[in-house]
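Novice: Quick check, what structure comes out for this input:
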Amino acid sequence: MSIDQVTLARELNHLRELAQKKWEEDPLPTGRDAEVRLKKEIQELALESHITDFETDGYTVLPPGTAAPIELFDEIASVMEGLAKRLKTDNPAVSGLGETLYHMLPEHPAFERALMARAPLTLVTYLLGYRAKLSQCTGLIKDSNVPALGIHADHSAKFPAPWSPISNYSVVTWVLTDYTRENGAVCVWPGSHLRGQPVPENLVMAHDHPEMRVLEIPRGSVIIWHGSLWHGALPRTASGRRMTLVLPHVRDSVQPQELFWSSVSEEMISRNPPRFCTLMGLTSGPPWFQDGPDREQFVMSPYGGSKFE
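Specialist: Residues are numbered from 1 along each chain as shown. Sure, this is the predicted structure:
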């Protein structure tokens, strides 16, 4: 399949121009300013205990009412039910993830509101920095008799081990229906993020290991974890459905799994805060084709960064 490189480059540059205008409204901080701003945001939102959770356990849970009103969770669940009827999904019979809906962000503004929810985004910033990018916007729907999801670390598929203590990948999980053992709840190995290693083969299906913690938490909760955390999900035996919105993020230097700028619209940029453009990858270093870079995109600031820093 041939690619119209001129059209592709023109579209990307147009979106980046819109991003620059949004950026000028509220430039993201750098260096010491970023540290000060993040500390202030953590204090304003009373997230100090969740930072401690990250350091000791490698994950944290925001209880209902912290990330967003319960109505947003219910709206997302309703939208996902509709999307499942018309979008191509993975086969739930062979995947511990269940029925999987990909690239949902352009489908409904509710996903944008979840992405920009202040408390989860502040915790992502703690792990990945202000220039973190969204990597996926994925829906998981589990009916009855979905097998267990093997225990793994998200870094395993993306970075060679051993891993540094710094997270390059972080998942934000919106719990749209109650998590119970019978409902196929997520389980985690607290502190495993400090090992910096993939899950040993003999532990991949060790969901009943005494070190594993089952997260039985109510609808309206949000789980956020470090990319090195060992985690999985129990087999689902309950009736009805278990529904989850998954929003993985990556550092600015890491390639996202979904190409968001190819589907983001001017309307989406217009109705969201400036940071939305960064999450879409529109303020990262621009790619180029045979003709080389657009030098205008590489205007340097006095402190050595690009004009987007």
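
Novice: since we're on residue 151, how many residues are nearby?
Specialist: Neighbours of residue 151 under the rule other CB atoms under 10 Å: 22. No exception for glycine: its C-beta is placed from N, CA and C like everyone else's.

Novice: Let's see the pLDDT reported for it.
Specialist: pLDDT, residue 151: 96.

Novice: how near is the closest residue to it other than its chain neighbours to residue 218?
Specialist: Distance criterion CB to CB, 6 or more residues apart in numbering; nearest residue to residue 151, sequence neighbours excluded, is residue 232 at 3.9 Å. According to CB to CB, to the nearest Å, residue 232 and residue 218 sit 20 Å apart.

Novice: got it, and residue 164?
Specialist: Distance of residue 164 to residue 218, given as CB to CB: 34 Å.

Novice: higher neighbour count, the two?
Specialist: Neighbour comparison, residue 164 and residue 218: the larger count goes to residue 218, with 13 against 10 (by other CB under 10 Å).

Novice: Tell me how far the more buried one lies from residue 14.
Specialist: Where residue 14 is concerned, residue 218 sits at a distance of 43 Å (CB to CB).

Novice: so when I look at residue 245, I'm seeing a helix, right?
Specialist: No: according to DSSP: H, G, I helix; E, B strand; the rest coil, residue 245 belongs to no helix; its state is strand.

Novice: my read: it touches residue 139, true?
Specialist: Yes: assessed by CB atoms under 8 Å, residue 245 is found in contact with residue 139 at 5.9 Å.

Novice: List the residues that are in contact with both of those two.
Specialist: Taking CB atoms under 8 Å, 6 or more residues apart in numbering as the criterion, residue 245 and residue 139 both touch residue 80.

Novice: Now do the strands in the stretch 101-250 of the chain.
Specialist: Remark: strands assigned in the stretch 101-250 of the chain by DSSP state E, counting those that start in this stretch are 133-134, 138-142, 149-152, 169-175, 186-188, 213-214, 222-226, 231-233, 242-250.

Novice: Check the protein for its longest helix and report it.
Specialist: Looking across the chain with DSSP state H, the single longest helix is helix 5-25.

Novice: Other residues contacting the helix or strand sitting right after that helix along the chain?
Specialist: Heading C-terminal from helix 5-25, the first helix or strand you meet, by DSSP states H and E, is helix 31-44. Applying CB under 8 Å, 6+ apart, the external contacts of helix 31-44 come out as 28-29, 47-48, 51, 118, 122, 125-126, 129-130.

Novice: what's the most distant pair in these?
Specialist: Pairwise distances across the contacts of helix 31-44 (CB to CB) peak at 22.4 Å, for the pair 28 and 48.

Novice: Just give me the residue closest to the centre of the chain.
Specialist: residue 248 (2.2 Å; CA atoms, centre = their mean).

Novice: In terms of secondary structure, what does the lowest-mean-pLDDT helix or strand in the chain contact?
Specialist: Lowest by mean pLDDT, DSSP states H and E among the helices and strands of the chain is helix 5-25, with a mean of 82. If you count contacts as 3 or more CB pairs under 8 Å, 6 or more residues apart in numbering; DSSP states H and E, helix 5-25 packs onto helix 266-271, helix 275-279.

Novice: show me the contacts for residue 26.
Specialist: Contact analysis of residue 26 by CB under 8 Å, 6+ apart lists 273-275.

Novice: Start and end of stretch 201-209, how far apart?
Specialist: Distance between the two ends of stretch 201-209: 14 Å, counting by CA to CA, to the nearest Å.

Novice: swap that for stretch 182-196, please
Specialist: From its first residue to its last, stretch 182-196 covers 31 Å (CA to CA).

Novice: Could you pull up the mean pLDDT of it?
Specialist: For stretch 182-196, mean pLDDT rounds to 96.

Novice: Also stretch 279-298?
Specialist: 71.

Novice: To what extent is residue 240 buried, counted in neighbours?
Specialist: The number of residues packed near residue 240 is 12, by other CB under 10 Å.

Novice: Relative to residue 195, tell me which of the helices and strands packed on helix 5-25 wins on proximity.
Specialist: Distance to residue 195, taken as CB to CB, is lowest for helix 275-279 among the helices and strands packed on helix 5-25, at 29.2 Å.

Novice: Name the residues that touch the closest one?
Specialist: So helix 275-279 is contacted by 18-19, 22-23, 26, 28, 112, 115-116, 121, 130-134, 249, 260, 268-269, 283-284 (CB under 8 Å, 6+ apart).
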